[in-house]
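>>> Build me a model from this:
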Amino acid sequence: MKKTGLILLIVLFASLTACASPYRQPYEKNLALWKSQSINHYRFDLRIGCMCPWSGMMPVAVEVQNGAILSMTASNGGDITPYLDTFRPRATVENLFATVDTAISKRVYQLTVHYDAKYGFPASIVVNPSKAIMDDETGYYVTNFEVLP
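Predicted structure coming up:
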């Protein structure tokens with residue numbers, strides 16, 4: 001009976017290891033790099049790429065301090081108020097990491113992530129949730145990142 005249990009555990013471990021996402025290790029490594037720097041105040045431009053009515057407002061300039069969004073301004077000076085619920089979930093580095101983590105956990109159809117070499121944050125995320133649905137991918141792009149005092 002003990003041998004059967006051991007064999008079952010080995011098979012279970014092997015199957016879980018085989019299913020591990022290739023995105024998890026780079027995610028963990030870059031999240032650790034980001035956290036190790038204790039950056040509490042920063043600014044960046046965020047562009048959300050999709051077939052959306054607000055694409056003319058991109059990029060949105062975002063300032064974050066202690067995890068809270070201090071300001072968010074559209075590049076064309078437009079009123080972003082109607083779209084705040086769309087922009088806020090991606091408007092901090094922590095939220096961008098959460099976007100990657102969710103995509104990994106959900107095992108989306110395609111995921112492309114490029115991390116900033118110096119700070120570790122996700123500088124580019126493209127998520128395509130489903131093979132069956134055309135034009136459902138969304139991209140999140142961070143540029144002009146700046147650490148503030």
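
>>> Spell out the residue ranges of the strands in the protein.
41-49, 60-65, 68-74, 110-115, 122-128, 138-147 (DSSP state E).

>>> Using JSON lines, please lay out these together with mean pLDDT, mean neighbour count and distance to Ile104.
C-betas here are computed from N, CA, C, even on glycine. Below are the strands of the chain laid out as JSON lines (pLDDT from 0 to 100; neighbours: other C-beta atoms under 10 Å; distance: least, C-beta to C-beta, whole Å):
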{"stretch": "strand 41-49", "mean pLDDT": "95", "mean neighbour count": "18", "distance to Ile104": "19"}
{"stretch": "strand 60-65", "mean pLDDT": "97", "mean neighbour count": "18", "distance to Ile104": "23"}
{"stretch": "strand 68-74", "mean pLDDT": "95", "mean neighbour count": "14", "distance to Ile104": "24"}
{"stretch": "strand 110-115", "mean pLDDT": "93", "mean neighbour count": "17", "distance to Ile104": "7"}
{"stretch": "strand 122-128", "mean pLDDT": "92", "mean neighbour count": "20", "distance to Ile104": "10"}
{"stretch": "strand 138-147", "mean pLDDT": "95", "mean neighbour count": "15", "distance to Ile104": "15"}
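
>>> Out of the ones you listed, which is closest to Leu33?
Each of the strands of the chain was scored for nearness to Leu33 using C-beta to C-beta, and the closest is strand 110-115 (8.0 Å).

>>> count of neighbours near Pro82?
For Pro82, the count of nearby residues is 10 (other C-beta atoms under 10 Å).

>>> likewise the one 5 residues further on?
Applying other C-beta under 10 Å, we find 19 residues neighbouring Phe87.

>>> which ones are touching it?
Listed by C-beta atoms under 8 Å, 6 or more residues apart in numbering, the contact set of Phe87 reads Leu46, Ile48, Val60, Met72, Ile80.

>>> Understood, closing this out.
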